[in-house]
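Colleague: next come a sequence and a model predicted from it.
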Amino acid sequence: MTKFRIRLKLQVWLRCAVCALALTLLGLSMPGGYPSAHAGFFDSVKGIFQLPGQVDNLQEQYESTKQKLDQTTDQLESVARDSKEALQQFKDSEERYKESQQKLMQENERLALQNESLQQSIKQLQQSEQERANKYRRTIIMIGTAAALVLLYFVLGRVLRVVLRSR
């Protein structure tokens, strides 16, 4: 027990003892015994002697309430700690998410540039393929024309020979 509670109990007992002594002396000094009109007086004295027990009950209730308050305070502190930890974890995950988002945005930009470069390369390859196909077609046409001209020369030569001989 704390010093305060011990002192409080001692004061209550001392007051009760002084009151009991005063009432006893008052009762002895009355001539003719105890009159019936003072029957409530003894109930009051009895109530005074029961005060230390009531004080003890009040102190027990106070201690019980104080323990409940301490438990509730501990629970609130625990919940506050848990909330702070959860908030910190949320902030950490939010920061990681932002970093991941930035990395993904940078990678997306890099891939967009790479995609554009690849598209330009594909376009250049398609153009060169088209030019090669055009060149091939011109070459085939030129060879075909040359062959046709040579054939036409021989055919005309024969036809002219035949026409000149027949005349």
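Modeller: The structure has been received and is ready for your questions.

Colleague: measure residue 128 to residue 140 for me?
Modeller: 19 Å (Cβ to Cβ, to the nearest Å). Heads up, the C-betas are built off the backbone N, CA and C, glycines and all.

Colleague: show me where the chain has its helices.
Modeller: Applying DSSP state H to the chain gives helices spanning 3-29, 39-166.

Colleague: pull the contacting residues for residue 125.
Modeller: With contact set as Cβ atoms under 8 Å, 6 or more residues apart in numbering, residue 125 has no partners.

Colleague: please report the distance of it from residue 112.
Modeller: 20 Å.

Colleague: for residue 102, same thing?
Modeller: Taken as Cβ to Cβ, the span from residue 102 to residue 112 is 16 Å.

Colleague: for residue 75, same thing?
Modeller: In this view, residue 75 and residue 112 are 54 Å apart by Cβ to Cβ.

Colleague: returning to that earlier point: possible to save the helices of the chain as JSON lines with mean pLDDT?
Modeller: Listed next are the helices of the chain as JSON lines, based on pLDDT from 0 to 100:
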{"stretch": "helix 3-29", "mean pLDDT": "68"}
{"stretch": "helix 39-166", "mean pLDDT": "90"}
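
Colleague: no further questions, thank you.
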